[in-house]
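Student: Structural data only, the sequence is not supplied:
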């Protein structure tokens, strides 16, 4: 299961960011969101939500030289660790206050998908 993005439908309203922070922290704090909307300043109509693509390897989550366990894969927030790889080829692994934020798909029912007013976010199974 993964979330697909239709950038042609994204208006840049940021509801997905707000919903993510509310769902995981109970408050609106966009920096604590596992989805970020990038706005192209040159083209006012082009917005691109960035979030984990749930790739098979998920090497960004693996501690150096170790296998990733299922519990870590499904975690939303964990302490930053110098032995952890912190690179995502899609730039979708975010850090805030010394913690790493990773999309856990809201345990299979992503709030950002449900709250997107233009259906720019689609749950693909």
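Tutor: Nice, thanks for sending it over. These numbers come from a predicted model, not from an experiment.
Student: now for the longest helix seen in the chain, which elements pack on it?
Tutor: The residue-count maximum for a helix in the chain (DSSP state H) belongs to helix 15-25. If contacts are counted by 3 or more Cβ pairs under 8 Å, 6 or more residues apart in numbering; DSSP states H and E, helix 15-25 sits against strand 35-39, helix 111-115. (Glycine included, C-beta is placed from N, CA and C.)
Student: Dump these to CSV, plus distance to residue 15 and mean neighbour count.
Tutor: Formatted as CSV, the helices and strands packed on helix 15-25 follow (distance: least, Cβ to Cβ, whole Å; neighbours: other Cβ atoms under 10 Å):
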stretch, distance to residue 15, mean neighbour count
strand 35-39, 9, 19
helix 111-115, 5, 18
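Student: Out of the ones you listed, the one nearest residue 88 is which?
Tutor: Proximity to residue 88, assessed across the helices and strands packed on helix 15-25 by Cβ to Cβ, is greatest for strand 35-39 (11.9 Å).
Student: Residues touching that closest one, excluding its own?
Tutor: With contacts defined as Cβ atoms under 8 Å, 6 or more residues apart in numbering, strand 35-39 is touched by 10, 12, 14, 16-17, 20, 30, 46-51, 94, 103, 112.
Student: neighbour-wise, which of these leads?
Tutor: Neighbour tally across those (other Cβ atoms under 10 Å): the maximum, 29 neighbours, falls on residue 16.
Student: Tell me the confidence at that one?
Tutor: According to the prediction, residue 16 has pLDDT 96.
Student: Please shift the residue numbers so they start at 43 in all later answers.
Tutor: Okay, residue one is now 43; in that scheme the one you just asked about reads as residue 58.
Student: ok, now which ones touch it?
Tutor: So residue 58 contacts 75, 77, 79, 91, 154, 157-158, 163 (Cβ under 8 Å, 6+ apart).
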